[in-house]
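In: compute the structure for the input listed below.
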Amino acid sequence: MNKSVETEKFNPWNYKPWWCQPWSILLTGITIISSSWLIFRTIWLTVIISIPILTWMGFFLIVWPKLMAESKISNKV
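Out: Numbers count the residues shown, from 1 in each chain. Predicted structure coming up:
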């Protein structure tokens, strides 16, 4: 009946280095997208650059943590 272990929430970010934390992913993505606009001043090129960057950010900020949590839960069973 160890409730502290049961209520402890799994945090996948504890297993990642500092350069792969949510703040660094957001900062890198925003910097790359902003830089493409500041350098080229072309909306279509910025959109082309933004699509893979936003996909990468979405995967690592939304999909990956859910997959890790599900994996952790399924490994307990």
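In: list the buried ones in the helix or strand containing Ser24?
Out: Ser24 belongs to helix 22-40 when assigned by DSSP states H and E. Judged by neighbour count using 16 or more other C-beta atoms under 10 Å, the buried positions of helix 22-40 are 25, 29, 33, 36. Where C-beta positions appear, they are placed from N, C-alpha and C, glycine not excepted.
In: widest-spaced pair of these?
Out: Ile25 and Ser36 (17.0 Å; C-beta to C-beta).
In: okay, helices next: where are they in the chain?
Out: Counting by DSSP state H, the chain has helices at residues 3-7, 22-40, 43-58, 64-76.
In: need the least confident one among those helices, by mean pLDDT.
Out: Lowest mean pLDDT within those: helix 3-7, at a mean of 49.
In: which other residues reach stretch 67-77?
Out: 10, 12, 15 (C-beta atoms under 8 Å, 6 or more residues apart in numbering).
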